[in-house]
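Chemist: what's the 3D shape of this:
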Amino acid sequence: MRSSNYLFVLLALFFVISGCREEGEIITTETGDIPPPTVITATVTTVVITQSGEMLSDVDITGLGAAGRLNPDGSYTIDAGQLSSDGTLVTVTSPGHWPERRLLMPAGDGELVETFVLEPKVKAGEIDLTTGGIIQIADGFSVMLAPNTIATTADGSPYEGPVEVYVNHDAPEDADEMLNSPGNVLAQLENGELANLESFGMMDVALESPDGDPLTLDESTPAEVRFPLKSATVPLGPDDIPFWVLDPDGFWLPDGFATLGPDCYIVFINVGGTYNCDVPRPAARICGRFVDAGGFPLTHSPFAVNLVGGLTCYTARIDCNGEFCAWVAADAALEFQVKDSCTGEVIVVPFDPVPVSTSRELGDIVIDLSNSAFAGSLTSCGSAGTPDLELAEIWANGYGGNGGKYFAAQSDGSTIVSLINCDDDEVLVQAFTRDYRAASPVYRRPADDFAPQQLVVCGELDADEFFTLTIDGTDIPITELAPIYWPENGNFNWLVRAAGTLNGEEYSLFLNFSDPATGAFAAADAMGAVYRLEPGQDYGEGRVYVDPDQMLNLIGSSVSADGDVFEGSFDATMNLQNDASQSVEAVNLSVTASFRINL
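Modeler: The predicted model follows:
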């Protein structure tokens, strides 16, 4: 694993200004929103975001049994070998948010990409123990305490203050909420047998003092909780449905029954927890592969398994090979449901009942989505073979989470690019190494082109490229060049690394800019820094040239008609600071460059 310093300084170079240049104040280089440094085969990447789509980095991920790698964008890469073939319950927590839990179930050696959406933990209201009261959140959705409710703290001491109530409901009719829930966790019955659950809704409930201490209500005065149901769901539910609580060991455990009301299930609880109103069904296992109409595997798409005429019994995402395994209700008519994110259409594929306690291989399941698909292969320029696959990344439509999508390469450098493209007429695909030392061109392809694509990854200047760099009157011989298409990375759409060696030291320029254009760039649309490293040093351990005022003065002199060749120059006044000693060694140094880059 890279050192934290290595992750700290690579790449989208945002600067925090802490003083004026003349005084020689140290300037801190920080990463921006860096996408996952991705994943090799047989890994899982979990991306943690808020409901508004912002990345979270202050997270704790448990249930894996061993450490993973926290990436600077909040994603987390783990070895799929840590996952049980029967599924592993993974829990993600972050201060101020409800925990999110999901059963991760690998189908083979394909990479899983999971996105946990953490919902804020917001107080629904508070109730006085003496007077009691009801917190009405929506129709059929409430929490009520009776007058003179008896409560104790965690140590058993009597409690007489207000009860703060927090709730978070996952509606059974909402496919997105069911995907981001522990609905695919098996139940453990009282006799020890395991069961699949047809979900009629889940809810997190917390009963706390104003200090945040959990409270326990006396058995004689429980809280009444109502789980809301849509009108179309009510006829599907039994009058009395088993009630379940999620156990940290990874099973739903029986916790009594809930009663069907006019628009909800009604249940009584004494402590906070994660609860479920579900119908248990004998379990069976299925595995298969989703492919499009052309036979290309779909990748990372969410899917659900529903009882025909009923509700969901399993939700998950397929892996990078289009493969999946799932626990489903046995001896029941079932169907896959996959939503086309472009058209909104839900594609339904029924399949035959699976006998209890058996496993069935379903083979290829054809889902005709609005997707683009083609085979790709990695190769290195100037020599036979492929780039270092442990460092190689393949991205369609740009690096990162702003519409870009990652694809893993197999051991021979091959891959299948399959993505939902909706209204776009073309697909952009690029390969590069995670250390940004080599990259292929950005290949622009018609969205309906299914022909194979070779991705030629190079780290040297092409014959028709040049890059000159001069620092304080000294010319730095640039021999390495790698442009990375990184759309909507702040104001920038491109990251270019240009590097060379002088007197045994490596000089690496990281240049960010917006779309290639002629004329002067606005100050906010271009930025750069030059790392000066001795042998064996990582970024953040050596010296770096930085401009505290972020005035790069980038000027574009020409751009080709199709935008794939960019010529320009820049000049800046920079300080030379030592990251290791946190000192400034020189100020007001002239840094100039001119270039012609094939993008």
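Chemist: low-confidence ranges in the chain?
Modeler: By pLDDT under 70, the weakly predicted segments of the chain are 1-57, 64-81, 110-111, 382-387, 401-403, 423.
Chemist: What segments of it are helices?
Modeler: All helices of the chain, identified by DSSP state H, fall at 4-9, 175-179.
Chemist: Give me the helices and strands touching the strand ranked longest in the chain, please.
Modeler: Scanning the chain for the strand with the most residues, using DSSP state E, yields strand 273-291. When contacts are defined as 3 or more C-beta pairs under 8 Å, 6 or more residues apart in numbering; DSSP states H and E, strand 273-291 packs onto strand 194-208, strand 240-247, strand 251-260, strand 264-269, strand 323-329, strand 359-366. Backbone N, C-alpha and C define where each C-beta goes, glycine included.
Chemist: any chance of the ones you listed in TSV, plus distance to residue 464?
Modeler: Putting the helices and strands packed on strand 273-291 into TSV (distance: least, C-beta to C-beta, whole Å) gives the following:
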stretch	distance to residue 464
strand 194-208	59
strand 240-247	61
strand 251-260	63
strand 264-269	69
strand 323-329	43
strand 359-366	45
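Chemist: Kindly reformat the ones you listed as a markdown table containing mean neighbour count.
Modeler: Shown next, in a markdown table, are the helices and strands packed on strand 273-291 (neighbours: other C-beta atoms under 10 Å):
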| stretch | mean neighbour count |
| --- | --- |
| strand 194-208 | 23 |
| strand 240-247 | 20 |
| strand 251-260 | 18 |
| strand 264-269 | 20 |
| strand 323-329 | 24 |
| strand 359-366 | 13 |
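Chemist: Tell me which of those approaches residue 98 most closely.
Modeler: For the helices and strands packed on strand 273-291, the distance to residue 98 is smallest for strand 194-208, at 5.1 Å, taking C-beta to C-beta.
Chemist: angle of the closest one against strand 251-260?
Modeler: Here strand 194-208 runs at an angle of 80 degrees relative to strand 251-260 (axes from the mean of the first three to the mean of the last three C-alpha atoms, to 10 degrees).
Chemist: quick one, which of the helices and strands packed on strand 273-291 is nearest to residue 349?
Modeler: Smallest distance to residue 349 across these (C-beta to C-beta): 5.8 Å, for strand 359-366.
Chemist: Given that closest one, what are its sheet partners and their directions?
Modeler: Strand pairing for strand 359-366, determined by DSSP bridges: strand 273-291 (parallel).
Chemist: Enumerate every residue touching residue 528.
Modeler: By C-beta atoms under 8 Å, 6 or more residues apart in numbering, the contact set of residue 528 is 13, 509, 510, 511, 512, 547, 552, 570, 572.
Chemist: at 6 Å what do you get?
Modeler: 511, 552 (C-beta atoms under 6 Å, 6 or more residues apart in numbering).
Chemist: Beta-bridge partners for it, please?
Modeler: For residue 528, the beta-bridge partners are residue 511 (DSSP bridges).
Chemist: and the gap between it and residue 150?
Modeler: Distance, residue 528 to residue 150, by C-beta to C-beta, to the nearest Å: 66 Å.
Chemist: that older thread, relative to strand 323-329, how tilted is the longest strand of the chain?
Modeler: 130 degrees.
Chemist: For strand 273-291, C-alpha coordinates in CSV please.
Modeler: What follows is strand 273-291 as a C-alpha-only set of coordinates in CSV (Å, rounded to 0.1, in the frame of the first residue of the first chain):
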residue,chain,number,x,y,z
GLY,A,273,-32.1,-1.2,16.5
THR,A,274,-32.4,-2.1,12.8
TYR,A,275,-35.8,-3.8,12.3
ASN,A,276,-37.6,-5.5,9.5
CYS,A,277,-41.2,-6.6,8.7
ASP,A,278,-40.7,-9.7,6.5
VAL,A,279,-42.2,-12.9,5.4
PRO,A,280,-39.6,-15.8,5.8
ARG,A,281,-39.2,-18.3,3.0
PRO,A,282,-37.0,-21.3,2.6
ALA,A,283,-33.7,-20.3,1.0
ALA,A,284,-32.0,-21.4,-2.2
ARG,A,285,-29.0,-20.1,-4.1
ILE,A,286,-28.7,-19.0,-7.7
CYS,A,287,-25.7,-17.8,-9.8
GLY,A,288,-25.6,-16.4,-13.3
ARG,A,289,-24.4,-13.7,-15.6
PHE,A,290,-26.2,-10.8,-17.1
VAL,A,291,-25.4,-10.0,-20.7
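Chemist: and the angle from that strand to strand 264-269?
Modeler: Going by the same axes, to 10 degrees, strand 273-291 makes 130 degrees with strand 264-269.
Chemist: Return the distance of strand 273-291 from the chain's centre.
Modeler: Relative to the centre of its chain, strand 273-291 is centred 23 Å away, using C-alpha atoms, centre = their mean, to the nearest Å.
Chemist: got the domain boundaries for the chain?
Modeler: Using automatic domain parsing, the domain parsing of the chain gives 33-116, 123-281, 461-599.
Chemist: Make TSV out of those domains and add distance to residue 427.
Modeler: Formatted as TSV, these follow (distance: least, C-beta to C-beta, whole Å):
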stretch	distance to residue 427
domain 33-116	18
domain 123-281	25
domain 461-599	12
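Chemist: right, so of the ones you listed, which gets closest to residue 362?
Modeler: domain 33-116 (11.3 Å).
Chemist: which residue sits farthest out from the middle of this structure?
Modeler: The outermost residue of the chain relative to its centre, with distances by C-alpha atoms, centre = their mean, is residue 148 at 46.1 Å.
Chemist: What separation is there between it and residue 315?
Modeler: From residue 148 across to residue 315, the span is 42 Å (C-beta to C-beta).
Chemist: Isn't residue 296 up against residue 415?
Modeler: No: with contact defined as C-beta atoms under 6 Å, residue 296 does not count as touching residue 415 (10.9 Å).
Chemist: Between these two, point out the one with more neighbours.
Modeler: Higher neighbour count among residue 296 and residue 415: residue 415, with 23 against 18, using other C-beta atoms under 10 Å.
Chemist: Do I have it right that the more buried one meets residue 409?
Modeler: Yes: applying C-beta under 6 Å as the test, residue 415 and residue 409 come out as touching, 4.9 Å apart.
Chemist: so what sits against both of those two?
Modeler: Both residue 415 and residue 409 lack any common contacting residue under the criterion C-beta under 6 Å, 6+ apart.
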